[in-house]
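*Asks:* The sequence isn't on hand, but the structure is:
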């Protein structure tokens, strides 16, 4: 008997690897027995998927590192182990079942299929010899023969050709991937959620110890009662949306999506502290582009950060808090999207703060929800305000859900609104400031910088500036500071001049809000940062909105839709003084309905994006292409020149660590240590970068920081300070006009 | 069922698309009508004998070449100053034009006459042709490498028949739609083939009156898909000849 290897590091035979798959198959089946798939087919593909690795070229590569030309991907060679005749005649599978198996196995790695029929024929002949030396107790029948082209011929199963088969394929292929990845990463494919409701009960118990009358509120009850349905709940800030979302997820696999990383970090910290505190690295994870970074910060607490990270990446944890781009990129149906959608088919997805998403993201969400509900997943939209337009679009897609329900604390007043028909004015802000907490929100970075500087000139004490154009390190520290001041129990005070980076989900509570008008939705979001969860019972005002009067606010006509801005402006003129939550929701209803918005760019963009995604063929795009579209990559990561100059030494040191070549023969432990060191160095380096709009870098990049042959980070010529962030230098005066206009678009 | 199998070779040939004028375009394989015409000519048939034909093959490449084109117009009188040729008082224009030519064409043709009694006659006429065989334009000589009477049978395939990559055929769309034949493209499109309507035979239809007849050919056109990468998958029942060649009978 020959030892055919499946993996080199650590060495593992095909049998051992397949055993691992079967183990995970059983885990999956025991946790989700009612999943609507053909479990027998899934079993067959788990068993057969890697048998093609028996071929000599693959073995030689694994064993001795020799690479052969014309090596046929093992997924294709594994097809020769599908004995169609036997499976149909003896085991009762249908022809479509065989097609399903063939496609799942052939594409279990996404590879270019460049081989010719002659080469394939030859390799299959050779396999017939190899298989004589192969024994595996789980494999009762083995017969190597080239699989008929009727089942697989380098094509894809298309949604528009056979919808049922497409969805069946998607689940089988996706789950095979999940099981295979889990087996390779030596983690369980799924962890059962049998704790969440219990933990929430415990949370309630502790609350009841403090207050005997504590209990779930209307929103939370509603979510709990309808946890088997797709629902939409509109609830004002402070209604306990996190708990509501978790109650709805219950003891199921869940994803909690939020628009901002900051918000995700905050929610993750809260959940792991108050709700799921025991063994949380087996139960809850957070997923966004900086996950590893965040986990590293806490690494003393985890036993094995790599394992925790792998589990998170592979979506195997019961509860994942994530950005929507981490899961909804599957709407593009890129090559290899199957595992994601297959996972969502038995998951419940909470979408929080949907009003924060730009039109393109709304479009992806809507199409995504269509697919998710189609394969059996459930969703709940939780939001402070809900544009009616979203509801209409969901209906247009024939997605089933319960009519939206609104929850407010009816008679409570949190805000008193003053509309000022002028552009934002620093004198005004200064007068409002009286050793209290003042939050100023501008539409653009440039405007925020301007206001800040004016205040500074007037020698106002305790002023701070916060926007997106800081290097990561500074941004983090500023964020910590604003959270500290914004904590309702803190007695610090000061003025914070910011942009809409603080608009959503940041748990801060200021006494006074001064803001430029962007649009109603944004305004109400911003008002949520002021008197977050307390009643306003004083005379006068706590929210001051500058609507620019006859003029336009910054950013309007660029990233702020001008029509919506004008509608918002008009609607607001009626208000002076206290405004109840109900009134806010009615206003939103009045303005953000399909009827009123049908001719706006906003609506058109959503529609166009939906159509665009629909027009893309499944499997047409690669994952990296989709990543680019999804992130809307108009931005570049750079190191500001000033930052580079003053941190040169450290940056060089990180570079050396990243490029350090360790001996491949070291022990696994040792290698792991180096890998973590590299990651830490990378993260530290990232701390010095900021991301800026693409058009900015023209003419302002003269040198690069070369990390290695493949990677370089531009060093960006600009003014940078911890105080102000990036300030652009204009090099070519003739383009001033355009620059100004473009500049206004970024916040 | 019996058929006559023909293996032909042509060096440079144009199978003209009926609608091409400025550039004389060519079909990638001879149309049914062209093949049927050649058979009828070599057999000396004066009227249409019903037959089915299967056409497949390959060519090496394609070139464009010049040829002399004569232009006629109904009733155009000869005008001296227009550089025309004088033909019994009428004017005929002469100029150069371009023709697409296929190079090194190899064809595998099956001829299945409806009336089996013609088998031997057709066989003999091809074995000892009464004049040089040509297919395409009159000057496009066809070298007959093989003429053979073969037995055809509908057979359930035990394994896939995969035509080599460069081999092409006209697949009657019925065969394709029933999935008797699949086209295995590596690319992402649904159909990896070209649809043609190929002339086969015609009836004469009089659109005028008896006295003043206006007679036109009404063509029987066959919907086909022209493709390479042709596969007849196992378990399908497909018409094949005794050497396991797929017969795309139309």
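*Replies:* That came in fine, so what should we check first? Model, not experiment: these values are computed from the prediction.
*Asks:* low-scoring stretches of chain B, by residue?
*Replies:* Residues of chain B meeting the criterion pLDDT under 70: B:185-191.
*Asks:* all strands of it, in order?
*Replies:* Secondary structure of chain B by DSSP state E: the strands cover B:2-13, B:23-24, B:51-58, B:61-71, B:85-87, B:90-113, B:143-156, B:161-162, B:168-172, B:182-183, B:194-206, B:215-227, B:230-232, B:237-241.
*Asks:* Of all these, which one is nearest chain A?
*Replies:* strand B:230-232 (4.5 Å; Cβ to the nearest Cβ). For glycine as for every other residue, the C-beta is placed from the backbone atoms N, C-alpha and C.
*Asks:* Is there any residue in that closest one that contacts chain A?
*Replies:* Yes: if you take Cβ under 8 Å from any Cβ of the partner chain as the test, strand B:230-232 does meet chain A, through residue B:231.
*Asks:* Quick one: distance of that strand to the chain centre.
*Replies:* 21 Å (Cα atoms, centre = their mean, to the nearest Å).
*Asks:* so what does that strand touch, helix or strand wise?
*Replies:* Judged by 3 or more Cβ pairs under 8 Å, 6 or more residues apart in numbering or on different chains; DSSP states H and E, the packing partners of strand B:230-232 are strand B:161-162, strand B:168-172, strand B:182-183.
*Asks:* What residues sit buried inside it?
*Replies:* Neighbour-count burial for strand B:230-232, counted by 16 or more other Cβ atoms under 10 Å in any protein chain shown, picks out B:230-232.
*Asks:* Which residue is most remote from the mean position of chain B?
*Replies:* Going by Cα atoms, centre = their mean, the residue of chain B most distant from its centre is residue B:81, 41.5 Å out.
*Asks:* which ones are touching that one?
*Replies:* By Cβ atoms under 8 Å, 6 or more residues apart in numbering or on different chains, the contact set of residue B:81 is empty.
*Asks:* could you dump the helices and strands packed on strand B:230-232 to TSV with distance to residue A:622 and mean neighbour count?
*Replies:* Below are the helices and strands packed on strand B:230-232 laid out as TSV (distance: least, Cβ to Cβ, whole Å; neighbours: other Cβ atoms under 10 Å in any protein chain shown):
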stretch	distance to residue A:622	mean neighbour count
strand B:161-162	29	20
strand B:168-172	31	24
strand B:182-183	25	20
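*Asks:* mind checking which of the ones you listed is nearest residue A:336?
*Replies:* strand B:182-183 (25.2 Å; Cβ to Cβ).
*Asks:* Report the beta-bridge partners for the residue lying closest to residue B:120 once chain neighbours are set aside.
*Replies:* Spatial nearest neighbour of residue B:120, chain neighbours left out: residue B:149 (7.8 Å); criterion: Cβ to Cβ, 6 or more residues apart in numbering or on different chains. For residue B:149, the beta-bridge partners are residue B:4 (DSSP bridges).
*Asks:* Can you name the residues of chain A sitting close to chain B?
*Replies:* By Cβ under 8 Å from any Cβ, the residues of chain A that approach chain B are A:113, A:116-117, A:146, A:148-150, A:153-156, A:158, A:160-161, A:617, A:619-620.
*Asks:* ok, residue A:603 touching residue A:594?
*Replies:* Yes: counting by Cβ atoms under 8 Å, residue A:603 does reach residue A:594; the two are 7.3 Å apart.
*Asks:* Between these two, which has more neighbouring residues?
*Replies:* Shown here are residue A:603 and residue A:594; by other Cβ atoms under 10 Å in any protein chain shown, residue A:603 has more neighbours (22 against 15).
*Asks:* circling back to that earlier point, from the buried residues of strand B:230-232, which single one is nearest residue A:454?
*Replies:* residue B:231 (75.0 Å).
*Asks:* if I look at the nearest residue to the closest one once chain neighbours are set aside, how far off is residue A:681?
*Replies:* Computed as Cβ to Cβ, 6+ apart, the closest residue to residue B:231 that is not its neighbour in sequence is residue A:149, at 4.5 Å. Look at residue A:149 and residue A:681: by Cβ to Cβ, to the nearest Å, they are 51 Å apart.
*Asks:* Between residue A:603 and residue A:594, which contacts overlap?
*Replies:* Joint contacts of residue A:603 and residue A:594 (Cβ under 8 Å, 6+ apart) are residue A:389.
*Asks:* How far off centre is the longest helix seen in chain B?
*Replies:* For chain B, the helix with the greatest residue count under DSSP state H is helix B:32-43. Computed by Cα atoms, centre = their mean, the chain-centroid distance of helix B:32-43 equals 9 Å.
*Asks:* helices or strands up against that helix?
*Replies:* Against helix B:32-43 (3+ Cβ pairs under 8 Å, 6+ apart) you get strand B:51-58, strand B:90-113, helix B:118-127, strand B:194-206.
*Asks:* Strand B:143-156 and that one, what's the angle between them?
*Replies:* 120 degrees (axes from the mean of the first three to the mean of the last three Cα atoms, to 10 degrees).
*Asks:* quick one: buried residues of helix B:32-43?
*Replies:* Buried-residue list, helix B:32-43, by 16+ other Cβ under 10 Å: B:32-36, B:38-43.
*Asks:* Dump these into JSON lines; add distance to residue B:168 as well.
*Replies:* Formatted as JSON lines, those follow (distance: Cβ to Cβ, whole Å):
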{"residue": "B:32", "distance to residue B:168": "15"}
{"residue": "B:33", "distance to residue B:168": "18"}
{"residue": "B:34", "distance to residue B:168": "16"}
{"residue": "B:35", "distance to residue B:168": "15"}
{"residue": "B:36", "distance to residue B:168": "20"}
{"residue": "B:38", "distance to residue B:168": "19"}
{"residue": "B:39", "distance to residue B:168": "21"}
{"residue": "B:40", "distance to residue B:168": "25"}
{"residue": "B:41", "distance to residue B:168": "25"}
{"residue": "B:42", "distance to residue B:168": "25"}
{"residue": "B:43", "distance to residue B:168": "27"}
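*Asks:* I'd guess the residue nearest to residue B:231 is in a strand, am I close?
*Replies:* No: with DSSP: H, G, I helix; E, B strand; the rest coil as the criterion, residue A:149 is coil rather than part of a strand.
*Asks:* okay, now it: neighbour count?
*Replies:* By other Cβ under 10 Å, the residues close to residue A:149 number 23.
*Asks:* Neighbours of residue 133, how many?
*Replies:* No chain in the question, so chain A it is. Neighbour count for residue A:133, taken as other Cβ under 10 Å: 11.
*Asks:* Oops, wrong one, chain B.
*Replies:* Neighbours of residue B:133 (other Cβ under 10 Å): 20.
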